[in-house]
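Colleague: Give me the fold of what follows.
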Amino acid sequence: AEFDPGNNPSPGSWTEFLSLGFAHILSGPDHVAFVLGLMLLVSGWRRIALVTLGFTLGHSITLALAVTGWVSPPGAAIESLIGFSILFVAAEAALTRQNAFRTAGWGGGAALLTLAALAALTGSVMAWPVWLGLIILTVAYFHWLGAGGRADTAAPALSAGFGLVHGVGFAGILLEIDVSGKALIASLLAFNIGVEIGQIAIVIAALAVITLLRRIAPDRLLTTGRAATISALAALGSFWFLGRAFL
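Modeller: Next comes the predicted model:
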């Protein structure tokens, strides 16, 4: 998610970092879109809780590593991968038949290979090993689904994996603030808690809307609304992925 260094607050109390984390996820449309995309893959409170927990574990790890300086990947590449994560979950949510998953695996892999070749010719913020990793992930994961793998079973691990990418994105705003010494751990913890509160707020609001619509809207409208949501997420993910990869 983009942030404006000129508007960043100076280091303060843990409540300020709590508010900062809460505001950061709610003001980051790409993070919100990914959370909503995850909710399209599973149903029921238990499964949604597991997916949310997976995302929390993933981004908490890389948020801490990035803020403490253990990892420092290129910011533009991370932003592009966040867009890819949204496109990935939207594509998975759109598919239902096993043969469609296999087709998506080969088609997605071919598209990524073409983009990797284009990146080699014109330049990209992502290095070739990253492109190779995306190709392998896409082909292998969708073929696994096509072979009978269950999306709801894999969703927590998938959300944790992509959470590792989002965590570095969350860290961007903290890296612009001079937080060090004894204040580091408390500030990091407060910020992360704020992110979690914002994430929970998104999930609760989405579930409330879904529950209301299921009670008052006809099934045809719900089906159309789901398809429209998937299409919107896929379009946004593609825009952020490609727009940020080829700066």
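Colleague: what about Gly194, distance to Leu40?
Modeller: Per CB to CB, to the nearest Å, Gly194 is found 25 Å from Leu40. C-beta coordinates here come from the backbone N, C-alpha and C atoms, glycine included.
Colleague: Show me which of the two is the more surrounded one.
Modeller: Neighbour totals were compared for Gly194 and Leu40, and Gly194 leads with 23 against 18 (other CB atoms under 10 Å).
Colleague: Please name the spatially closest residue to Ala76 (chain neighbours excluded).
Modeller: What sits nearest to Ala76 in space, not counting adjacent residues and going by CB to CB, 6 or more residues apart in numbering, is Val125, at 4.0 Å.
Colleague: So what's the residue count around that neighbour?
Modeller: One way to gauge burial is a neighbour count; for Val125, by other CB under 10 Å, it gives 18.
Colleague: so how far is Thr138 from Ile202?
Modeller: From Ile202 over to Thr138 the distance is 26 Å, taken as CB to CB.
Colleague: ok, these two, which is more surrounded?
Modeller: Set side by side, Ile202 and Thr138 show more neighbours around Thr138, with 23 against 18, by other CB under 10 Å.
Colleague: my guess is that one contacts Leu112, does it?
Modeller: Yes: with contacts defined as CB atoms under 8 Å, Thr138 counts as touching Leu112 at a distance of 6.1 Å.
Colleague: all helices for the protein, in order.
Modeller: Listed in chain order, the helices of the chain (DSSP state H) span residues 14-26, 29-41, 45-67, 75-94, 98-122, 128-146, 151-175, 182-216, 219-245.
Colleague: Adding mean pLDDT as columns, could you present these in CSV?
Modeller: Rendered in CSV, the data for the helices of the chain read as follows (pLDDT from 0 to 100):
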stretch, mean pLDDT
helix 14-26, 87
helix 29-41, 92
helix 45-67, 90
helix 75-94, 94
helix 98-122, 94
helix 128-146, 95
helix 151-175, 88
helix 182-216, 88
helix 219-245, 94
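Colleague: contacting residues for the residue most central in space within the chain?
Modeller: When CA atoms, centre = their mean is applied to the chain, the residue found nearest the centroid is Phe34 (4.2 Å). Residues near Phe34 by CB atoms under 8 Å, 6 or more residues apart in numbering: Phe55, Ile82, Ser85, Ile86, Val89, Phe162, His166.
Colleague: Roughly how far does the first one sit from Gly69?
Modeller: From Phe55 over to Gly69 the distance is 23 Å, taken as CB to CB.
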